[in-house]
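Undergrad: Fold the following, please.
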Amino acid sequence: KNAATIANTEQGSLDNHLHEINSTEWVLPYSDKLFCKAAIEWLTSTNQPIQAVEHPSFKKMVDVASCTTMGVIVPN
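TA: As a prediction, this is how the structure comes out:
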């Protein structure tokens, strides 16, 4: 076999595609308990009425965020 044939049959490596995940990039796994705790914390710390979590725009925001697998970054 010539060098080109051998080079084309060698298994590639994922090393160039992998990277370490910083602890600040870690996404907590979803649970109803965690969501409820976060919602209560948000309601109380921002003085929102309890009805805020029933508002259609809040539900839409949660639906959008629930589709992510990498977490959500809220712009400042």
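Undergrad: in the protein, which spans are helices?
TA: Assigned by DSSP state H, the helices in the chain fall at 3-9, 32-45, 56-66.
Undergrad: average pLDDT across the longest one?
TA: Confidence over helix 32-45, taken as the mean pLDDT, stands at 92.
Undergrad: go on, stretch 53-64?
TA: Computed over stretch 53-64, the average pLDDT equals 92.
Undergrad: And the contacts of that stretch?
TA: The contact list for stretch 53-64, computed with CB atoms under 8 Å, 6 or more residues apart in numbering, reads 39, 43, 52. Just so you know, the C-beta spots here come from the backbone N, C-alpha and C atoms, and that holds for glycine as well.
Undergrad: Go ahead and flag the most central residue of the protein.
TA: Nearest to the mean C-alpha position of the chain, by CA atoms, centre = their mean, lies residue 71 at 1.9 Å.
Undergrad: Tell me the pLDDT of it.
TA: Looking at residue 71, its pLDDT is 75.
Undergrad: Pull up the gap between it and residue 30, please.
TA: Going from residue 71 to residue 30 by CB to CB, to the nearest Å gives 11 Å.
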